[in-house]
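[1] For reference, the sequence and a predicted model appear below.
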Amino acid sequence: MIHPRVPDYRSLSESLALHAVRARVKALLARTAEDVALKNLKRGVPARTAADRDNPFVQ
């Protein structure tokens, strides 16, 4: 058992790792959404609607 006044660095490192994974997933989804928007622009979709059209990664 860890003394109550001593921080549990294992839980801190797990928390930081989880934060890093969540940030990576968020960045990956943003990148994928941007790729879909770029493809829409190349197909001639107007810029104002290119990010939203046929893009399952937009929230």
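    Looks like it arrived, so ask away.
[2] what helix or strand is the most centrally placed residue in the chain on?
    Central residue of the chain (C-alpha atoms, centre = their mean): residue 26, 0.4 Å from the mean position. According to DSSP states H and E, residue 26 maps onto helix 9-42.
[3] From residue 59, how far off is the residue nearest to the centre of the chain?
    Separation of residue 26 from residue 59 (C-beta to C-beta, to the nearest Å): 10 Å. C-beta: built from backbone N, CA, C; applies to glycine.
[4] Also residue 25?
    With distances taken as C-beta to C-beta, residue 25 is found 13 Å from residue 59.
[5] the more surrounded of these two?
    residue 25 (10 against 4; other C-beta atoms under 10 Å).
[6] tell me which residues in the helix or strand of the chain with the lowest mean pLDDT are buried?
    Confidence across the helices and strands of the chain bottoms out at helix 9-42, with a mean of 87, counting by mean pLDDT, DSSP states H and E. Within helix 9-42, the residues that count as buried by 16 or more other C-beta atoms under 10 Å are 33, 36, 37, 40.
[7] got the contact list for the first one?
    Read that as residue 33. 51, 55, 57, 58 (C-beta atoms under 8 Å, 6 or more residues apart in numbering).
[8] mind checking how far stretch 21-38 is from the chain centre?
    Relative to the centre of its chain, stretch 21-38 is centred 5 Å away, using C-alpha atoms, centre = their mean, to the nearest Å.
[9] mind saving the C-alpha coords of that stretch as PDB?
    The C-alpha coordinates for stretch 21-38 follow below in PDB (Å, rounded to 0.1, in the frame of the first residue of the first chain):
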ATOM      1  CA  VAL A  21      -4.000   8.000 -26.900                       C
ATOM      2  CA  ARG A  22      -7.100  10.200 -26.900                       C
ATOM      3  CA  ALA A  23      -5.100  13.100 -28.400                       C
ATOM      4  CA  ARG A  24      -3.800  10.800 -31.200                       C
ATOM      5  CA  VAL A  25      -7.200   9.500 -32.000                       C
ATOM      6  CA  LYS A  26      -8.600  13.000 -32.200                       C
ATOM      7  CA  ALA A  27      -5.800  14.100 -34.500                       C
ATOM      8  CA  LEU A  28      -6.300  11.100 -36.700                       C
ATOM      9  CA  LEU A  29     -10.000  11.800 -37.100                       C
ATOM     10  CA  ALA A  30      -9.300  15.400 -37.900                       C
ATOM     11  CA  ARG A  31      -6.700  14.400 -40.500                       C
ATOM     12  CA  THR A  32      -9.200  12.000 -42.000                       C
ATOM     13  CA  ALA A  33     -11.900  14.600 -42.100                       C
ATOM     14  CA  GLU A  34      -9.500  17.000 -43.800                       C
ATOM     15  CA  ASP A  35      -8.700  14.300 -46.400                       C
ATOM     16  CA  VAL A  36     -12.400  13.800 -47.200                       C
ATOM     17  CA  ALA A  37     -12.900  17.600 -47.500                       C
ATOM     18  CA  LEU A  38      -9.900  17.900 -49.900                       C
END
